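Engineer: Got a sequence here, can you model it:
(one chain, ligands or ions: 1)
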Amino acid sequence: MARVAMHGAAGRMGLSITRILAEGTDPVLAKAIDRAAVAGKDVGLLAGLSANGVLVESDVDAALEGVDVVIDFTHPTASVPFFEKLAGKGIPVVVGTTGFEAEGRAAIAKLGQTVPVVFAPNYSQGVTMLFALAAQAAALMNRGFDAEIVELHHRLKVDSPSGTGVKLAEVVQRARGLDYEKTKIHGRSGQVGARTDDEIGVVAVRGGDIVGEHTLYLAGMGERIEITHRATDRQIFARGAVRAAGWVVGKAPGVYDMFDVMGLERP
Ligand code: NAD
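Structural biologist: Residues are numbered from 1 along each chain as shown. Model prediction:
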């Protein structure tokens, strides 16, 4: 039974992970770490569950005693000093925080020299599988099948195409030996002419409360393949991070990602 310390326990992801961990028996939530402002609060109550006796702590060194794995979903300004405190303690880490600059990425690489670290920009198991399936299909159906991507998100999303849509297009083009930057078409309008073999269209749909959908089309003559991932709940990231936390315990030092956790070849 692996004992988890959750760094960023009072945040959206931290509370989501508390709820996921409450569903099972391994790993278990042992420690909750967050800012001093929320210290002393029962993290079960914060997560909308019954009290679980795990109180938020702000003293990192004390909180890390007796834990087997750490999950971090905070902010780069909190994560980097936290990694420095973790150094030398020998505790595996799952890093969910995003937005690291070069200094933060270097701190993760350094940590990976002494402990196993999982570092993934997207912990969804389904999205990870989407990338792997898309790469395989795009490489094997390289001739005569045009690749196009459609992504759908809620009306409040401000960037387009989505980061996952771009990554999916990059994965497809790399699998075909093509350069995404030179072949991408973000939408079409007017007399654009017939499509070329190598281009990849990426189209964004925005509306309502759609959590996130991505479809890769491989359109041939007389048939087409569609590979779709539909997210209906933002808990998918928490579930993947919990899977990663169970996986990383006992691994050799290094920096891993969700492809490693799921036993998939990195596309
Ligand atoms: P949030 O703002 O709701 O929560 C962050 C938590 O970190 C807060 O409780 C905050 O008090 C705590 N924190 C900040 N500074 C701290 C410090 N110095 N010491 C202790 N605690 C501190 O944010 P969120 O929505 O939970 O997201 C957290 C991070 O996870 C973001 O970087 C986000 O982009 C990333 N994220 C990654 C994935 C993924 O799949 N990799 C998915 C969702 C979110």
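Engineer: residues in contact with the residue in the stretch 1-150 of the chain positioned nearest to the ligand?
Structural biologist: Nearest residue of the stretch 1-150 of the chain to the ligand: G11, at 1.9 Å (C-beta to the nearest ligand atom). (C-beta placed from N, C-alpha, C; glycine too.) G11 makes contact with 34, 73-74, according to C-beta atoms under 8 Å, 6 or more residues apart in numbering.
Engineer: next one: L55
Structural biologist: Counting by C-beta under 8 Å, 6+ apart, L55 has contacts 32, 39-43.
Engineer: Tell me the residues of this protein that contact the ligand?
Structural biologist: Taking C-beta under 6 Å from any ligand atom as the test, the list of the chain residues beside the ligand reads 8, 10-14, 33-35, 73-75, 78, 96-99, 120-123, 237.
Engineer: Which ones among these map onto strands?
Structural biologist: Of those, the ones assigned to strands by DSSP state E are I33.
Engineer: Generate a PyMOL selection restricted to the buried subset of the residues of the chain next to the ligand.
Structural biologist: Buried residues among the residues of the chain next to the ligand (16 or more other C-beta atoms under 10 Å), as a PyMOL selection:
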select buried, resi 8+10+11+13+14+33+34+73+74+78+96+97+120+121+122+123+237
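Engineer: Ramachandran angles for the residue lying farthest from the centre of the chain?
Structural biologist: The C-alpha centroid of the chain is most remote from Q191, which lies 38.5 Å away (C-alpha atoms, centre = their mean). When read as degrees, to the nearest 10, the backbone of Q191 gives phi -80, psi 70.
Engineer: That one and the ligand: what is the separation?
Structural biologist: 41 Å (C-beta to the nearest ligand atom, to the nearest Å).
Engineer: Out of the residues of the chain next to the ligand, which sit inside helices?
Structural biologist: In helices, judged by DSSP state H, the following of these are found: 12-14, 78, 237.
Engineer: Among those, which pair sits farthest apart?
Structural biologist: By the measure C-beta to C-beta, A78 and F237 form the most distant pair in these, at 17.9 Å.
Engineer: can you give me the strands in this protein?
Structural biologist: Using DSSP E, strands in the chain cover 3-7, 28-33, 56-57, 69-72, 93-95, 116-119, 146-153, 184-185, 200-206, 212-219, 224-231, 254-256.
Engineer: Including distance to P161 and mean pLDDT, could these go into a markdown table?
Structural biologist: Output for those, formatted as a markdown table (distance: least, C-beta to C-beta, whole Å; pLDDT from 0 to 100):
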| stretch | distance to P161 | mean pLDDT |
| --- | --- | --- |
| strand 3-7 | 31 | 98 |
| strand 28-33 | 35 | 98 |
| strand 56-57 | 38 | 98 |
| strand 69-72 | 28 | 98 |
| strand 93-95 | 25 | 98 |
| strand 116-119 | 24 | 98 |
| strand 146-153 | 6 | 98 |
| strand 184-185 | 9 | 96 |
| strand 200-206 | 5 | 97 |
| strand 212-219 | 9 | 98 |
| strand 224-231 | 15 | 98 |
| strand 254-256 | 27 | 98 |
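Engineer: Single out the most deeply packed of those.
Structural biologist: strand 93-95 (a mean of 28; mean count of other C-beta atoms under 10 Å).
Engineer: Parallel or antiparallel, list what pairs with it.
Structural biologist: Paired neighbours of strand 93-95 in the sheet (DSSP bridges): strand 69-72 (parallel), strand 116-119 (parallel).
Engineer: contact partners of the first one?
Structural biologist: So that's strand 69-72. Contacts for strand 69-72 (C-beta under 8 Å, 6+ apart): 2-8, 17, 27, 64, 79, 82, 86, 91-97, 241-242, 245, 248-249.
Engineer: residues contacting D42?
Structural biologist: By C-beta under 8 Å, 6+ apart, the contact set of D42 is 51-55.
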